[in-house]
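Asker: Have a look; sequence and predicted model below, questions after that.
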Amino acid sequence: APKKAKRRAGEERSQIQEYKEAFTIIDQNRDGIISKDDLRDVLASMGQLNVKNEELEAMIKEASGPINFTVFLTMFGEKLKGADPEDVIVSAFKVLDPEGTGFIKKQFLEELLTTQCDRFSAEEMKNLWAAFPPDVAGNVDYKNICYVITHGEEKEE
């Protein structure tokens, strides 16, 4: 049993590190607080250029006060409680798919994965595209990627 507890603590630490990286990306001006401007800038960097002020204010108001890292962690913890890991990963991809097509462009995904957070190497990108080849239009089926990440082998057609 102690081995399981140690592994769980390690997993929680790595998950917190991932949240810290996400927080750092969103905190565009690096002042330790996520503001409306930070949200606007990070959404613009993902191609969402015409986000209304009201929408940004509504996002900020989900917190009880200024959104520092601790508040950010609490907000995510509340949203993820009891969530299926596959649903969580699909939800993350859906942020990059505002039309809800189930696909994102290979070029866009590759740019994100090679320039943000834990950057993918050329070899890792090659392996990703070998495992999940885009269609002829350059679209990647992210739901399939999520399924394989959480369940192992590709599902039978």
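Answerer: Yep, that arrived.
Asker: Return the set of buried residues in stretch 103-113.
Answerer: Using 16 or more other Cβ atoms under 10 Å as the burial criterion, the residues of stretch 103-113 that qualify are 103-104, 106, 109-110, 112-113. C-beta here means a position set from N, CA and C on the backbone, and glycine is covered the same way.
Asker: And the contacts of it?
Answerer: Contacts to stretch 103-113, defined as Cβ atoms under 8 Å, 6 or more residues apart in numbering, come from residues 47, 93, 96-97, 119-120, 124-125, 128-129, 134-135, 138-142.
Asker: Nearest to Leu73 among the buried residues of stretch 103-113?
Answerer: Each of those was scored against Leu73 by Cβ to Cβ, and Leu112 proved nearest at 22.6 Å.
Asker: Can you tell me the element that closest one falls in?
Answerer: Leu112 is part of helix 106-115 when elements are defined by DSSP states H and E.
Asker: how far does that helix sit from the chain's center?
Answerer: 13 Å (Cα atoms, centre = their mean, to the nearest Å).
Asker: after it comes which helix or strand?
Answerer: Sequence order places helix 122-131 as the next helix or strand after helix 106-115, per DSSP H and E.
Asker: about what we covered before: what about burial for the contacts of stretch 103-113, which qualify?
Answerer: 93, 97, 120, 125, 128, 134, 140-142.
Asker: can you put those in JSON lines and add distance to Gln17 and pLDDT?
Answerer: Putting the buried ones among the contacts of stretch 103-113 into JSON lines (distance: Cβ to Cβ, whole Å; pLDDT from 0 to 100) gives the following:
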{"residue": "Phe93", "distance to Gln17": "20", "pLDDT": "87"}
{"residue": "Asp97", "distance to Gln17": "26", "pLDDT": "86"}
{"residue": "Phe120", "distance to Gln17": "17", "pLDDT": "87"}
{"residue": "Met125", "distance to Gln17": "22", "pLDDT": "91"}
{"residue": "Leu128", "distance to Gln17": "21", "pLDDT": "90"}
{"residue": "Pro134", "distance to Gln17": "30", "pLDDT": "95"}
{"residue": "Val140", "distance to Gln17": "26", "pLDDT": "94"}
{"residue": "Asp141", "distance to Gln17": "28", "pLDDT": "94"}
{"residue": "Tyr142", "distance to Gln17": "23", "pLDDT": "91"}
